[in-house]
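Trainee: make a model of this:
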Amino acid sequence: MIDRMRGVSVLAAAASLMAAGVLQADEEHHWSYQGATGPSHWAAMEHEYATCGAGKTQSPIDIEDSGAKKSELPAIAFDYKPSPLKIIDNGHTVQVNYAPGSSITIAGKQYQLVQFHFHKPSEEKINGKPADMVVHLVHRDSDGKLAVVGVLLQAGAANSLIETLWKNVPTQKEKEADVQGVRVNAADLLPADKAAYYTFAGSLTTPPCSEDVTWFVLKARTTVSKDELASFAKLYPMNARPTQQLNGREIRSTR
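Mentor: Numbering: from 1, shown residues only. Below you'll find the predicted structure:
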């Protein structure tokens, strides 16, 4: 039993590190978003991916606003600072690995921002409808627990930060670029209204689909231009996992 628990702990730690950008996806990219290596096959592809099929709190989900429990939820205190741009195309998405020192605090609990990445269309749906894209800001607390803030991205005005990112995506996959002289601030991805959000228990949305992840999906959206959407689509026309069953989970919403 002790050996099994140690094994589970190692896998959980590895999953946390991968989500935080400390570990990168395997070089062969043997999982994908379609066909024989797509989401419906993830659980059977590797023993470590079993949770993708057996898990009961999997992400993403379809958030029905009318079914969310209206609650007095604490504000998310964002404390994002500029970071040197370290960007990678990891074979599944474009990811920015963030310098230490930026965080969110919720009800006195602090989570450090470790990376953010993009999905097209949004993996989360609101009342059955996805947004054009979503950015997932991945945070980790001192115990290794993950909290992800999802910001839905909708076609509209251009976003200068995203324009900067797209200009600096490395041409070689899995090779992080440390872009000299360029700093970015994740705060530029946040909408003006950061007070309203949904929250629920979930998981990573990519293998190994590890659970015990707390999700916060902001209700307000950030805009990106049609050209910025098209630029990402040239790399990843579709990199969104289908929504998963709630299995009795409670979704809470700010009033």
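Trainee: all strands for the stretch 151-255 of the chain, in order.
Mentor: Listed from the start of the chain, the stretch 151-255 of the chain has strands (DSSP state E, counting those that start in this stretch) covering 177-184, 197-203, 211-218, 222-224, 252-254.
Trainee: need those in TSV (columns: mean neighbour count, distance to residue 81 and mean pLDDT).
Mentor: The C-beta positions use only the backbone N, C-alpha and C, and glycine is treated the same way. Formatted as TSV, the strands of the stretch 151-255 of the chain follow (neighbours: other Cβ atoms under 10 Å; distance: least, Cβ to Cβ, whole Å; pLDDT from 0 to 100):
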stretch	mean neighbour count	distance to residue 81	mean pLDDT
strand 177-184	14	9	98
strand 197-203	22	22	98
strand 211-218	21	19	98
strand 222-224	22	19	98
strand 252-254	17	25	98
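Trainee: now render those as JSON lines, adding distance to residue 126.
Mentor: Below are the strands of the stretch 151-255 of the chain laid out as JSON lines (distance: least, Cβ to Cβ, whole Å):
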{"stretch": "strand 177-184", "distance to residue 126": "27"}
{"stretch": "strand 197-203", "distance to residue 126": "8"}
{"stretch": "strand 211-218", "distance to residue 126": "8"}
{"stretch": "strand 222-224", "distance to residue 126": "14"}
{"stretch": "strand 252-254", "distance to residue 126": "11"}
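Trainee: for residue 115, find the nearest of those strands.
Mentor: strand 177-184 (12.1 Å; Cβ to Cβ).
Trainee: what's in contact with the closest one?
Mentor: 82-88, 96, 161, 164-165, 168-170 (Cβ atoms under 8 Å, 6 or more residues apart in numbering).
Trainee: again, only using 10 Å
Mentor: Under the criterion Cβ atoms under 10 Å, 6 or more residues apart in numbering, residues 80-89, 96-99, 116, 160-162, 164-165, 167-171 lie in contact with strand 177-184.
Trainee: go on, stretch 46-55?
Mentor: Taking Cβ under 10 Å, 6+ apart as the rule, stretch 46-55 contacts 11, 14-15, 26, 30-31, 39-45, 57-58, 202-211, 241, 244-245, 247.
Trainee: and the buried ones among those residues, selectable in ChimeraX?
Mentor: Buried residues among the contacts of stretch 46-55 (16 or more other Cβ atoms under 10 Å), as a ChimeraX selection:
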select :15,31,39,42,43,57,58,202,203,204,205,206,207,208,209,210,211,241,244
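Trainee: follow-up on the earlier one: and the contacts of strand 177-184, which are buried?
Mentor: Restricting these to buried positions leaves 80, 83, 85-89, 96-98, 116, 161-162, 164-165, 168, with burial counted as 16+ other Cβ under 10 Å.
Trainee: residues touching the closest residue to residue 123 other than its chain neighbours, list them.
Mentor: Among residues not flanking residue 123 along the chain, residue 60 sits closest, at 3.7 Å (Cβ to Cβ, 6 or more residues apart in numbering). When contacts are counted by Cβ under 10 Å, 6+ apart, residue 60 is found next to 119, 122-125, 130, 134, 136, 150, 202-203, 205, 215, 217, 240-244.
Trainee: residue 243: how many residues sit nearby?
Mentor: 18 (other Cβ atoms under 10 Å).
Trainee: how about it, nearest residue that isn't a chain neighbour?
Mentor: residue 62 (4.5 Å).
Trainee: please report how far that neighbour lies from residue 245.
Mentor: As judged by Cβ to Cβ, to the nearest Å, residue 62 and residue 245 stand 10 Å apart.
Trainee: for the nearest residue to residue 242 once chain neighbours are set aside, what are phi and psi?
Mentor: Spatial nearest neighbour of residue 242, excluding adjacent residues (Cβ to Cβ, 6+ apart): residue 39 at 5.9 Å. For residue 39, the backbone dihedrals are phi -50, psi -40 (criterion: degrees, to the nearest 10).
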